[in-house]
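Enquirer: what shape does this take:
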Amino acid sequence: MWAYLYKKCIKCGLTDFKHTSKGLCLKCWRKDIWQKKKAKLLVDPKFRAEYNKAQHKWIRNHKEYYRKLKRRLYNTPHQKKIRKARSKVYIAIQQGKLKRLPCEICGSTKQNEGHHPDYRSPLKVRWLCRVHHIAEHKKKSTH
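Expert: Numbers count the residues shown, from 1 in each chain. Down below sits the predicted model:
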């Protein structure tokens, strides 16, 4: 009840959303909940197992909707370009034309992945370990 005392969201400052608990708009509240859930997924294996089980159950119960959603999300021209580039790298590795190298940043040889700075040239990849590859994508998304 006390959340309705807020005139605007304490995080984003918007007033056009219905306010929920803690003085947050619905959008910020959902984002906050998802960040907490994501953090718990990383550290709690039991919670992760329950979450995965619930996800699979939802997918089973909503098969047609899920198919349409996947089709809409993964058949964009950009996603097709990504799949094509990954496929070309995989084939080049299988044929011996391309070799997995150590991570360019830390030198690790474990879990190395090819990072495409530009999907128009699919065989020009930077070899990064999983940690640095994720960091590279985060850095890219903030710019």
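
Enquirer: what are the boundaries of the helices in this structure?
Expert: Along the chain, counting by DSSP state H, helices occupy 26-43, 45-61, 63-74, 77-95, 130-142.

Enquirer: got those as a markdown table, with distance to Ser108, mean neighbour count and mean pLDDT columns?
Expert: All C-beta atoms are positioned from the backbone trio N, CA, C, and that covers glycine. Formatted as a markdown table, the helices of the chain follow (distance: least, Cβ to Cβ, whole Å; neighbours: other Cβ atoms under 10 Å; pLDDT from 0 to 100):
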| stretch | distance to Ser108 | mean neighbour count | mean pLDDT |
| --- | --- | --- | --- |
| helix 26-43 | 20 | 12 | 85 |
| helix 45-61 | 24 | 11 | 93 |
| helix 63-74 | 30 | 10 | 90 |
| helix 77-95 | 18 | 13 | 93 |
| helix 130-142 | 8 | 12 | 84 |
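
Enquirer: closest to Asn112 out of those helices?
Expert: Among the helices of the chain, helix 130-142 comes nearest to Asn112, with 8.0 Å by Cβ to Cβ.

Enquirer: by contact count, what packs against the closest one?
Expert: Contacts defined by 3 or more Cβ pairs under 8 Å, 6 or more residues apart in numbering; DSSP states H and E place helix 130-142 against strand 112-115.

Enquirer: what lies in contact with the strand it packs on?
Expert: With contact meaning Cβ atoms under 8 Å, 6 or more residues apart in numbering, strand 112-115 is reached by 86, 89, 100-103, 125-130, 133, 136.
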